[in-house]
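Asker: coords please:
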Amino acid sequence: MAKNGPGGQGKRKGRAEAGDRPDPDNATVLQKRQLVALIAQRVGRRNAEVREIVEATLAELGEAISAGQTLALPPLGRARISKQKDVSGSEVIVLRLRRRKSGADADAGHDHDEND
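Answerer: This next block holds a predicted model:
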């Protein structure tokens with residue numbers, strides 16, 4: 001039986017069904033060291049050569065987000081802040097990321113989001 005509330009899996013109005021989107025509660029986490037290794041492999045460089053650039057990129061992205069900037073970073077997409085507050089000496093920032101669909105829809109230039 002589904003529960004509503006924290007930790008529950010109850011249905012929410014206006015949300016996609018479970019088969020339409022990945023479940024964020026069960027998502028895998030991409031660690032920085034894994035990102036460095038993936039980028040190093042993609043560009044044919046050693047991890048040590050890529051690490052400094054990845055760390056600088058992440059620092060710049062973090063500063064831009066903290067400053068309230070919208071990020072327009074294809075092919076990642078467009079990220080904008082939907083909520084931001086300070087809690088216990090930390091920033092809590094909720095981003096909304098809009099991406100083009102992969103495959104034929106992206107080639108045709110279709111980018112649908114009923115909520116925007």
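
Asker: centroid-nearest residue for the chain?
Answerer: Leu97 (6.0 Å; C-alpha atoms, centre = their mean).

Asker: now that one: how far from Leu61?
Answerer: 12 Å (C-beta to C-beta, to the nearest Å). Placement of C-beta: from N, CA and C, glycine included.

Asker: tell me which residues are up against the lengthiest helix in the chain.
Answerer: Ordering each helix of the chain by length in residues (DSSP state H) puts helix 47-66 first. Contact with helix 47-66 is made by 32, 35-37, 39-40, 43, 71, 79, 81, 91, 93, 95, as judged by C-beta atoms under 8 Å, 6 or more residues apart in numbering.

Asker: which two of the residues you listed have the greatest separation?
Answerer: Within these, two members stand farthest from each other by C-beta to C-beta: Val43 and Glu91, at 31.3 Å.

Asker: give me the domain ranges for this protein.
Answerer: 28-67, 70-99 (automatic domain parsing).

Asker: measure the first one end to end?
Answerer: Taking C-alpha to C-alpha, to the nearest Å, domain 28-67 runs 28 Å from one end to the other.

Asker: can you give me the helices for this protein?
Answerer: Counting by DSSP H, the chain has helices at residues 32-43, 47-66, 104-107.

Asker: a markdown table for the ones you listed, including distance to Pro22?
Answerer: Listed next are those as a markdown table, based on distance: least, C-beta to C-beta, whole Å:
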| stretch | distance to Pro22 |
| --- | --- |
| helix 32-43 | 18 |
| helix 47-66 | 22 |
| helix 104-107 | 18 |
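
Asker: can you add mean neighbour count, distance to Arg21 and mean pLDDT and give those back as JSON lines?
Answerer: Converted to JSON lines, the helices of the chain look like this (neighbours: other C-beta atoms under 10 Å; distance: least, C-beta to C-beta, whole Å; pLDDT from 0 to 100):
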{"stretch": "helix 32-43", "mean neighbour count": "13", "distance to Arg21": "23", "mean pLDDT": "97"}
{"stretch": "helix 47-66", "mean neighbour count": "13", "distance to Arg21": "23", "mean pLDDT": "96"}
{"stretch": "helix 104-107", "mean neighbour count": "11", "distance to Arg21": "16", "mean pLDDT": "48"}
